[in-house]
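J.: Coordinates for the following, if possible.
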Amino acid sequence: MQTWHSARILRPISAFIQSAKPSLTPSHRRSGLPDSGPCRPGSVVSVVCACDQQGTQAEASTSGRTSWHSSSSSRQQSCRTRRTQTAAALTSAHASTGSASGLPEIPLPDLPVRGKGLGSLALRIIFGTVLGLLGAVVITTGGWIFTGAVCLVAYQATQEFFGFITSKGMSEGQSPPSPIVSALTTAMCLGLSIWTHITHGRATAALAVASFAVLAVHVSLTEKPTTAQLASAVFGLFYCGYLPSFWVKLRLLSAPAVHSQIVHDWPVLFGGLSHWTVGLVATIMAVACVIAADTGAFFCGKSFGRTRLTEISPKKTVEGAVGGLICSVATALGFWRVLAWPVNAGAAVCLGTLVFTASLFGDLIESVMKRDAGLKDASNLIPGHGGLLDRFDSYLFTGAIVYFVIKFVMPVYGL
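T.: Purely as a prediction, here's the structure:
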């Protein structure tokens, strides 16, 4: 009976194809697999016609026999093979059969691709873990190694930023910056972090000098400079150079963090008690809170997200933001509990909240630039994450805010 049902399913398709081609003669239909025409061997129609013919023969043989059970298994296996060939042929030869032979195209449903989302998530987790481990080593080492890593981030961020402003979405109606201006801006962005390390945190005047140099060269080399061009040059210097330099300032904070038992047991081979400074603890804590905020927002948004947070980034939800805030505050409290810094839980909650806020708006600010540029990602540098700005946009403002709170707010309020 399974063969009979297969013939019932496939016969309308065969009848439709044969009615659309009057050139098919009865002899062609009887033979099932002619040498030419729509029923040529290997074509979609040949598979349908052959299976139709086999089903008809099966019907005839079934009706003429009283005990057909003995040979039904071989016929069922043969028809199952034909049905498999038919499905494969309809999928692979759909375009060529419909367009080349003149037959009307048969729309095929889009089948879901299993594992695509899991593959993207796996790449995101793998490369995120690798970056996290490298970051932990660099932060713990400190010194010029940490400053060099910040310079690498500033360099790649500058390249992706100029990719934004030279895109069709942003550069329409105005000329892009000259290569000299781009190179000078990149050099100044790197120089701000290096200068911060050399002078132990004094980079405010250096930003003013760097801005003057970039604007002067821009005006000299551009025939008709516009305010938008000048503003974008200064913003690139601030966004890709000055903001990353605050992480160097934060890591350079040299006050000892000596209240934790873990710090007292730190091996002398790795710096001993003097290695654990407020700069080291605050930098690790800030980075961990950003990671926790991003991770919590991602999974809570995927699981519970219903309410859109903003039109700037349609995928962000209120539920995801709440999850990110909770994870960031919980991480800050965990560091306070383990490392006994800051001095009380209230300060830890404040830092966790501020880090979440800075990471959220840092992400939204970069989303505005991507939307204006008409780009989905800043680049394809990091598999599963996109560009470096796509990964580090949450960190750019975080370093400045954490440094400001530790340097100017906590001493005032005894935190």
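
J.: going forward, measure contacts between C-alpha atoms and count neighbours the same way
T.: Noted.

J.: Mind giving me the packing neighbours of the helix or strand where L131 lies?
T.: In the assignment (DSSP states H and E), L131 maps to helix 116-141. For helix 116-141, the packing partners by 3 or more C-alpha pairs under 8 Å, 6 or more residues apart in numbering; DSSP states H and E come out as helix 143-165, helix 278-304.

J.: Can you report how many residues lie near the closest residue to R251 other than its chain neighbours?
T.: Of all residues not flanking R251 in the chain, G279 sits nearest, at 4.3 Å (C-alpha to C-alpha, 6 or more residues apart in numbering). Neighbourhood size, G279 [other C-alpha atoms under 10 Å]: 25.

J.: mind listing what G279 touches?
T.: Residues counted as contacts of G279 (C-alpha atoms under 8 Å, 6 or more residues apart in numbering) are 250-255.

J.: Swap in 10 Å and give it another go.
T.: Each residue near G279 by C-alpha atoms under 10 Å, 6 or more residues apart in numbering is listed here: 139, 142, 247-257, 285, 403, 406.

J.: which of the residues you listed tops the neighbour count?
T.: Of the contacts of G279, with other C-alpha under 10 Å as the count, V248 tops at 32 neighbours.

J.: So which of the contacts of G279 sit within helices?
T.: Members of the contacts of G279 lying in helices (criterion: DSSP state H): 139, 247-251, 285, 403.

J.: phi, psi of S175?
T.: Phi and psi for S175, reported as degrees, to the nearest 10, are phi -80, psi 140.

J.: ok, it to K224 distance?
T.: According to C-alpha to C-alpha, to the nearest Å, S175 stands 9 Å off from K224.

J.: These two: which is more packed in?
T.: Between S175 and K224, counted using other C-alpha under 10 Å, the more crowded position is S175 (14 against 9).

J.: Quick check: the more buried one vs G169, distance?
T.: Counting by C-alpha to C-alpha, the gap from S175 to G169 is 13 Å.

J.: hang on, the earlier thing: distance to L360 and mean pLDDT added to the helices and strands packed on helix 116-141, as a markdown table?
T.: Below are these laid out as a markdown table (distance: least, C-alpha to C-alpha, whole Å; pLDDT from 0 to 100):
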| stretch | distance to L360 | mean pLDDT |
| --- | --- | --- |
| helix 143-165 | 18 | 94 |
| helix 278-304 | 8 | 94 |
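
J.: Kindly reformat these as a markdown table and extend each row with distance to A216.
T.: A markdown table is the format used below for the helices and strands packed on helix 116-141 (distance: least, C-alpha to C-alpha, whole Å):
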| stretch | distance to A216 |
| --- | --- |
| helix 143-165 | 18 |
| helix 278-304 | 36 |
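
J.: In this structure P177 contacts T222, no?
T.: Yes - at 7.9 Å, P177 counts as touching T222 under the criterion of C-alpha atoms under 10 Å.

J.: For the helix ranked longest in the chain, which helices and strands make contact with it?
T.: Longest helix in the chain by number of residues (criterion: DSSP H): helix 345-373. Contacts defined by 3 or more C-alpha pairs under 10 Å, 6 or more residues apart in numbering; DSSP states H and E place helix 345-373 against helix 143-165, helix 168-171, helix 278-304, helix 318-339, helix 388-404.

J.: quick one, which of these is nearest to S193?
T.: The closest of those to S193 is helix 143-165. By C-alpha to C-alpha, the value is 6.5 Å.

J.: Report the buried residues of the closest one.
T.: Using 16 or more other C-alpha atoms under 10 Å as the test for burial, helix 143-165 gives 146-151, 153-165.

J.: now do stretch 295-314
T.: So stretch 295-314, judged by 16+ other C-alpha under 10 Å, has buried residues 295-298, 300-301, 305, 309.

J.: swap in stretch 345-365?
T.: Per 16+ other C-alpha under 10 Å, stretch 345-365 contains these buried residues: 345, 347-349, 351-360, 362-364.

J.: Ok, stretch 372-384 next?
T.: 373, 375, 377-379, 382, 384.

J.: tell me the contacts of the nearest residue in space to K302 that is not next to it in sequence?
T.: Distances taken as C-alpha to C-alpha, 6+ apart place G320 nearest to K302, at 7.6 Å, with adjacent residues excluded. Listed by C-alpha under 10 Å, 6+ apart, the contact set of G320 reads 293-309, 326.

J.: tell me the pLDDT at G320?
T.: What the model reports for G320 is a pLDDT of 95.

J.: From R308, how far out is it?
T.: 9 Å.

J.: Identify the contacts common to these two.
T.: Common neighbours of G320 and R308 (C-alpha under 10 Å, 6+ apart) are G301.

J.: Would you mind measuring from the residue nearest to A293 when sequence neighbours are not counted to T141?
T.: Excluding its sequence neighbours, the residue lying closest to A293 (C-alpha to C-alpha, 6+ apart) is G324, at 4.0 Å. According to C-alpha to C-alpha, G324 and T141 sit 29 Å apart.

J.: between those two, who's got more neighbours?
T.: Neighbour totals were compared for G324 and T141, and G324 leads with 30 against 15 (other C-alpha under 10 Å).

J.: ok, T226 - how many residues close by?
T.: 12.

J.: repeat for T199
T.: Applying other C-alpha under 10 Å, I find that T199 has 10 neighbouring residues.

J.: Distance to S211 added to the helices and strands packed on helix 345-373, as TSV?
T.: Converted to TSV, the helices and strands packed on helix 345-373 look like this (distance: least, C-alpha to C-alpha, whole Å):
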stretch	distance to S211
helix 143-165	15
helix 168-171	21
helix 278-304	28
helix 318-339	35
helix 388-404	19
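
J.: I198: which of those helices is closest?
T.: helix 143-165 (9.7 Å).

J.: Give me the angle between that closest one and helix 116-141.
T.: 140 degrees (axes from the mean of the first three to the mean of the last three C-alpha atoms, to 10 degrees).
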